[in-house]
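Novice: got a sequence here, can you model it:
(one chain, ligands or ions: 1)
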Amino acid sequence: MSNYSDPDWAPQTKVDLQAYNTLSLPVQADYFSDLCQLSDLYAAHQFCHDQQLNWLLLGGGSNIVLTDDFNGLVMHMALAGKAWLTPDQLHHRPAQNRDDLVYLCIGAGENWDQLVAWSLAQGAYGLQNLSLIPGLVGAAPIQNIGAYGVELAHILHEVMVFDFVTGEEFCLTAEQCELGYRDSIFKRHPHWIVMSVTLVLSRHPHIHIGYGDIAAYLEQVLDGPATQATPQQVRDAVIHIRSTKLPDPSRIPNVGSFFKNPLVTANKAQQLREKWPDLVAYPQPNKQVKLAAGWLIDQLGWRGYMKAGVGVHGKQALVLVLESTTANKMTGLTLLKLAQEIQADVEQHFAISLAVEPRLFGKVGEIQMEHI
Ligand code: EPU
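Specialist: Residues are numbered from 1 along each chain as shown. Presented below is the predicted three-dimensional model:
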């Protein structure tokens, strides 16, 4: 339980959040504070508790849609720091005792991609496939970030949590985080704030190049077998591939994939394949099949669509975008209306419900697409 609160601490008032969300939506927060040190978090907790205020925690703002001014305190995660831990410094003893493994504890406010670059330079490997994912370290366990065949679940050891309702701190093992595809226990406990994340990396330069275009791209660059690539070369390949498909949020406002890839039964996938022979589908270990939502949306002609400043990226139909020149006059609701049109179209043609990937916030807190 936090029992320390700085009497001089005070939030800013009436702060524009445009610079704090990658959609550049011009939403105002009644109160705002950076959380640079633990005492800021404790003081913010006390403040919200005393004033009975709504609160919202922002990381990199790269996976949220703000639909209205926020009536309460918006906190911006900025807890920094990186520390190598020995196995006996961990909260939870490692299950395996391998000499090549190293443990790195990182503050939730550190930038994810800078961490990836730094870890490779330190000779600690495992994060290379997760290069260029926007956002902060603290957001990584919340949606179990994943790309190019690797997800956080493969390299997470434990997570330090602050409960914003009770003020208690505790440490969850990776298993206790219940990580699934773009899912974790944090989605079911939105008042749990990630303070730091401890990853388990390897001194051995193992690489994973089985996903999509990575191996083909590496072979071309290396003029030899892709299996000989270094983790840094895998990072360079991922950066290259991502940059060609995904819009840079600093130039084109977006939040990455707007929908999750749907999981369907093998029967359902087979039925669809009869009508759509080119269906992009990935069989999962649990006999389900994951469909490429981008492919479904693309088939219906949405890729490259743009109307009244809101549209679908021309190179990846899973990404909704705002026109940079008008984003500062937009509301998130306009974007959500387009998302609903796309959902209805996919439902009508494929009988599949697409789930929204980013989190949505209204005047007093998180909202669900169904209630818009
Ligand atoms: N496709 C199309 N048309 C499109 C988009 C995709 O035909 O407009 C096809 C592609 O040709 C490809 C397949 O769909 O065969 C899959 O596309 P891609 O490799 O781009 O991956 P994705 O399934 O669309 C997921 C993640 C991305 C991640 C990539 C790579 C989700 C919701 N998205 O996208 O994550 O970078 O795989 O691993 O799982 C994010 O979460 O914000 C994100 C960008």
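Novice: where along the stretch 51-200 of the chain do the strands fall?
Specialist: 54-58, 64-66, 70-77, 82-85, 101-107, 146-147, 150-151, 156-163, 169-173, 192-202 (DSSP state E, counting those that start in this stretch).
Novice: so which of the ones you listed is the most packed in?
Specialist: strand 64-66 (a mean of 25; mean count of other Cβ atoms under 10 Å). Where C-beta positions appear, they are placed from N, C-alpha and C, glycine not excepted.
Novice: that one: partners in the sheet, and parallel or antiparallel?
Specialist: strand 359-361 (parallel) (DSSP bridges).
Novice: got the contact list for the strand it pairs with?
Specialist: 56, 63-68, 70, 332, 336, 366-369, 372 (Cβ atoms under 8 Å, 6 or more residues apart in numbering).
Novice: just the residues contacting stretch 245-255, thanks.
Specialist: 22-25, 62-65, 134, 256, 313, 315-316, 319-322, 324, 327, 357-358.
Novice: hmm, back to that, nearest to V200 among the contacts of strand 359-361?
Specialist: N63 (24.1 Å; Cβ to Cβ).
Novice: around that closest one, count how many other residues there are.
Specialist: Counted with other Cβ atoms under 10 Å, residues neighbouring N63 total 22.
Novice: get me the contact residues on this structure for the ligand.
Specialist: 147-148, 212, 245-246, 256-257, 260-261, 280, 292, 294-295, 298, 303, 316-318, 357 (Cβ under 6 Å from any ligand atom).
Novice: let's see 5 Å
Specialist: By the rule Cβ under 5 Å from any ligand atom, the part of the chain lying against the ligand is 147-148, 212, 256-257, 261, 280, 292, 294-295, 298, 303, 316-318.
Novice: quick one: which of the contacts of strand 359-361 is nearest to N129?
Specialist: Out of the contacts of strand 359-361, the member with the shortest distance to N129 (by Cβ to Cβ) is N63, at 18.6 Å.
Novice: am I right that the closest one is in contact with L136?
Specialist: No. Using Cβ atoms under 8 Å, N63 is not in contact with L136; the gap is 10.3 Å.
Novice: E341: which element?
Specialist: Element membership for E341 (DSSP states H and E) is helix 332-350.
Novice: would you mark the buried spots in that helix?
Specialist: Neighbour counts over helix 332-350 (16 or more other Cβ atoms under 10 Å) mark 332, 334-336, 338-339, 342-343, 345-346, 350 as buried.
Novice: what about T244, how many residues nearby?
Specialist: Neighbours of T244 using other Cβ under 10 Å come to 11.
Novice: that one belongs to a helix?
Specialist: Yes. Membership of T244 in a helix is supported by DSSP: H, G, I helix; E, B strand; the rest coil.
Novice: so it makes contact with K315?
Specialist: Yes. Counting by Cβ under 8 Å, T244 touches K315, with 7.1 Å between them.
Novice: not counting sequence-adjacent ones, nearest residue to D345?
Specialist: Sequence neighbours aside, L300 is the residue nearest to D345 in space, at 5.1 Å (criterion: Cβ to Cβ, 6 or more residues apart in numbering).
Novice: who touches the one you found in this structure?
Specialist: Contacts of L300 (Cβ under 8 Å, 6+ apart): 342, 345-346, 349.
Novice: redo the residues you listed as CSV? Include pLDDT.
Specialist: Formatted as CSV, the contacts of L300 follow (pLDDT from 0 to 100):
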residue, pLDDT
I342, 98
D345, 98
V346, 98
H349, 98
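Novice: closest to the ligand among the residues you listed?
Specialist: Nearest to the ligand among the contacts of L300: I342, at 11.8 Å, using Cβ to the nearest ligand atom.
Novice: contact partners for that closest one?
Specialist: 259, 297, 300, 302, 312, 354.
Novice: again, only using 7 Å
Specialist: 297, 302 (Cβ atoms under 7 Å, 6 or more residues apart in numbering).
Novice: separation between it and Q348?
Specialist: According to Cβ to Cβ, to the nearest Å, I342 stands 11 Å off from Q348.
Novice: distance from stretch 186-205 to the middle of the chain?
Specialist: 12 Å (Cα atoms, centre = their mean, to the nearest Å).
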